[in-house]
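Q: My questions are about this predicted structure, shown below with the sequence.
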Amino acid sequence: MPLSKFQFRPGVFREGTDYDNEGGWFDANLVRFKAGRPQKIGGWRKDNSNSFLGTCRALHGWITLAGTKLLGLGTNKKYYIEEGTTFADITPIRSTTNAGDVTFAKVGNGDATLTVSDTAHGAVAGDFVTYSGAVSLGGNIVASVLNQEYEIATIINANSYTIEAKDTSGDPVLAAAGDSGNGGSTTVGAYQVNTGLDIYVTSTGYGVGLWGDGTWGSSTALTLGNQLRLWSHDNFGEDLLINPRGGGIYYWDATNGLTSRAYNLSTQSGADLVPTVGLQVLVSETDRHVIVLGADPISGTSRTGVVDPMLVAFSDQENPLDFDPSNTNTAGSLRLSEGSQIIGGIKARQEVLIWSDTALYSMQFIGPPYTFGLNLINDSSGLVSPKGAISSPSGVYWMGYDSFYVYNGAVQKIPCSVLSYVFDDFNAGQAFKVFAFNNSEFNEVGWFYPSASSDDIDRYVIYNYAEKVWTIGQLNRTAWLDSGVENYPRATTGNYLYEQEFGYDNDGSPMTNVFIESSDFDIGDGESFAFINRIIPDIKFLSNSSDGKVNMVLKTRNYPGDTLTTASTSQIAASTSKADIRARARQVTLRLESDDDATNSGNDNVGWRLGATRLDVRADGRR
């Protein structure tokens, strides 16, 4: 019988129906395209066994002058720097009390809950505070129980809150009858910056009615505590600048080591009108100005302390402490005019790109007396989220409210074969969780985003800019950093950091639900039934496993409106020469998938690439 070769067009197409995309791919998961051929994506493993607190939504890697590799991780609870396998907590201190301002009281015997009194403490539930100088309450609550870091359990009022007593290993300690003291008169509390939300509040900010979340202008002002916690970070030399969106500008000095915390720039000796709040911080490349997007404006001889959502402030060149504009420095500010708030910015070639919710601006260094010039590039291509843009070798890519864009001197909308699939099933209420990522080894940019039924990230969409094809999938990642400083991309999910593109496993277990499925194809425009009785597979196994197996599935239906029915499932190994089947229908789809029922020896560390599949097909009459 004649053999028919099937080589499908690269890329996933979801803008039409299964049937009108004949000769193409319609669905995929955990599969990319390389040289036009679909192949399983790389796997992942934990970077180390240590975990961190909170959800990480920001990663930044760099190398110190001494050659030490460091990685910054910003979560909704903390900011860490990883060196080796250790996560060092450098979260800034918000305030430190005077001795004796903090006192403790047990709630009851046999209860670990302690009431802490501190006038105008300024904390929120989930904040972290470290006590020192406390003495025993007289019973089980000894000094070593009190003098450590605590996460605040509940807020009673502006002057008191509760914690859960614990020993130094984290196990609960229950108060006893003798615990009648208050911790003494030398207790000091060091409060870290307020923790942030792990959910986006759609009424926060300016002009969020663009998403239909209320009337225009009905939203509240941006602050540190009323929005999704997103950190921005950038290097000033080997040192690190960090900013929790809506919060202060903090500086970590590498020479002080990982036992030191980041400190607030605006409170340092010599600080001159440093913004006290901002939406994002970055450092311009060659001229080395610290740039604060959404800074608080100057009022008289001080800053207002309230985010101005369209203001860009910049420091004097090479001096992150001087933001006071004068004729003897290059500090100053600029204001965007299009839109209602700055969403985000990114460094590109010889410019800084800044997006409002409706427009894109280019900020370029032009020298004294104006320092920077601001040019409107496009007034109809806003950014969906603060981390929704990424720079790549072929340009800057970003996700807008209903399209994908690229900028490489001019703004272009990218033709997208999965546009409706993404935006018709997208949780716009959690849009700020969207982040763009770069995987330069495979010429890919992509976006992780939440589907309509999820409040957190559960999907991704990838664009291969070299081959101009799209693919889709389901995976939870909350932050990503491309390879460069390290050999593998890094990503976070749960409370762990992972190395991506390592092998073909899910952290030591088989990667499941890997598949790619074609659109329907037929014989003679479906006028005749097709009968298929043999498959000649062409699959290259990429892993070292000689026992690797995948499933090749044929699904059939007679009319486009019919439900697909699985006609055959054939297990394919490297040694498989053919699979005998029996399938008869007008329309057929081909699916290649991971063999999730196989034992680990047949499914562990299995990578594959599909070539040209041949089917023994003949017309089988009409009916």
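A: Good, I have the coordinates. Computed from a predicted structure; not experimentally measured.
Q: And for L59, the neighbour number?
A: Taking other Cβ atoms under 10 Å as the neighbour definition, L59 ends up with a count of 24. Heads up, the C-betas are built off the backbone N, CA and C, glycines and all.
Q: Now do the SS call for it.
A: Assigned by DSSP: H, G, I helix; E, B strand; the rest coil, the conformation of L59 is strand.
Q: Give me the pLDDT for it.
A: L59 is assigned 98 on the pLDDT scale.
Q: how close does the closest residue to it other than its chain neighbours get to L73?
A: With Cβ to Cβ, 6 or more residues apart in numbering as the criterion, L59 has its nearest non-adjacent residue at 4.0 Å, and that residue is L481. If you measure L481 against L73 using Cβ to Cβ, to the nearest Å, the figure is 10 Å.
Q: go on, A153?
A: Distance of A153 to L73, given as Cβ to Cβ: 24 Å.
Q: Find the residues that touch each one of L481 and L73.
A: Common contact partners of L481 and L73 (Cβ atoms under 8 Å, 6 or more residues apart in numbering): L59.
Q: circling back to that earlier point, and the residue nearest to L59, what are its bridge partners?
A: R490 (DSSP bridges).
Q: got any ranges where the stretch 451-600 of the chain has weak pLDDT?
A: Along the stretch 451-600 of the chain, segments meeting pLDDT under 70 span 523-527, 544-546, 598-600.
Q: Next: the chain.
A: Ranges of the chain meeting pLDDT under 70: 1, 203-222, 523-527, 544-546, 598-602, 621-623.
Q: which residues does the residue nearest the centre of it contact?
A: The centre of the chain sits closest to A479, judged by Cα atoms, centre = their mean, with a distance of 2.9 Å. Listed by Cβ under 8 Å, 6+ apart, the contact set of A479 reads 56-59, 73, 435, 491-492.
Q: ok, now with 10 Å
A: By Cβ atoms under 10 Å, 6 or more residues apart in numbering, the contact list for A479 reads 55-60, 73-75, 231, 387, 435, 437, 448, 457, 490-493, 497.
Q: cool, and I342?
A: Applying Cβ under 10 Å, 6+ apart to I342 gives the contacts 206, 222, 278-280, 293-295, 307-312, 336, 354-357, 361, 383, 386.
Q: hey, what's it bridged with?
A: S356.
Q: ok, it to I291 distance?
A: Counting by Cβ to Cβ - I342 and I291 are separated by 11 Å.
Q: what residues are shared contacts of those two?
A: 278, 280, 312, 354.
Q: hang on, the first one packs against I291?
A: Yes. The pair G278 and I291 qualifies as a contact (Cβ atoms under 10 Å) at a distance of 9.3 Å.
Q: Counting neighbours, go ahead and name the busier of those two.
A: Between G278 and I291, counted using other Cβ under 10 Å, the more crowded position is G278 (28 against 24).
Q: Find me whatever residue is spatially closest to that one, sequence neighbours aside.
A: V292 (4.0 Å).
Q: Tell me how far the one you found lies from F323.
A: Computed with Cβ to Cβ, the distance linking V292 and F323 is 8 Å.
Q: Find residues that contact each of these two.
A: By Cβ under 10 Å, 6+ apart, V292 and F323 have these common neighbours: 249, 265, 274-275, 313-315, 333.
Q: ok, back up a step: A153 and L73: who's more crowded?
A: L73 (24 against 15).
Q: so how far is the first residue of stretch 156-170 from its last?
A: Across its full length, stretch 156-170 reaches 23 Å between end residues, using Cα to Cα, to the nearest Å.
Q: Off-centre distance for it?
A: 31 Å (Cα atoms, centre = their mean, to the nearest Å).
Q: Enumerate the positions of it that are buried.
A: Neighbour-count burial for stretch 156-170, with 16 or more other Cβ atoms under 10 Å as criterion, is recorded at 160-163, 165.
Q: what helix or strand does Y161 sit in?
A: strand 160-164 (DSSP states H and E).
Q: Output that strand as CSV, restricted to C-alpha atoms.
A: Extracted C-alpha coordinates of strand 160-164, given in CSV (Å, rounded to 0.1, in the frame of the first residue of the first chain):
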residue,chain,number,x,y,z
SER,A,160,-0.6,45.9,69.4
TYR,A,161,-0.4,42.6,67.5
THR,A,162,0.2,38.9,68.1
ILE,A,163,3.0,36.5,67.5
GLU,A,164,3.3,32.7,68.1
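Q: packing partners for it?
A: strand 103-106, strand 113-117, strand 128-132, strand 149-151, strand 154-157 (3 or more Cβ pairs under 10 Å, 6 or more residues apart in numbering; DSSP states H and E).
Q: Of these, which is nearest A176?
A: Among these, the nearest to A176 by Cβ to Cβ is strand 103-106 (8.5 Å).
Q: hmm, back to that, for PyMOL, write the select line for the buried members of the contacts of I342.
A: Remark: buried members of these, expressed as a PyMOL selection using 16+ other Cβ under 10 Å:
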select buried, resi 206+222+278+279+280+293+294+295+307+308+309+310+311+312+336+354+355+356+357+361+383+386
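Q: Mark which of the contacts of I342 are part of strands, please.
A: Among the contacts of I342, DSSP state E puts 280, 293, 311-312, 354-356, 361 in strands.
Q: Relative to G183, which of those residues is nearest.
A: Relative to G183, the closest of the ones in strands among the contacts of I342 is Q280; by Cβ to Cβ it sits at 40.0 Å.
Q: Would you confirm that R349 contacts S391?
A: Yes. With contacts counted by Cβ under 10 Å, R349 reaches S391, the gap being 8.4 Å.
Q: okay, the two: which has more neighbours?
A: S391 (18 against 10).
Q: partners of the more buried one in the sheet?
A: Assessed by DSSP bridges, S391 has beta-bridge partners V396.
Q: Now do the helices in the stretch 501-623 of the chain.
A: For the stretch 501-623 of the chain, the helices defined by DSSP state H, counting those that start in this stretch cover 600-603.
Q: Can you give me every residue that contacts the closest residue to F502 other than its chain neighbours?
A: Ranked by Cβ to Cβ, 6+ apart and with sequence neighbours excluded, the top spatial neighbour of F502 is R45, at 5.1 Å. Residues counted as contacts of R45 (Cβ under 10 Å, 6+ apart) are 488, 498-500, 502-503, 505-508.
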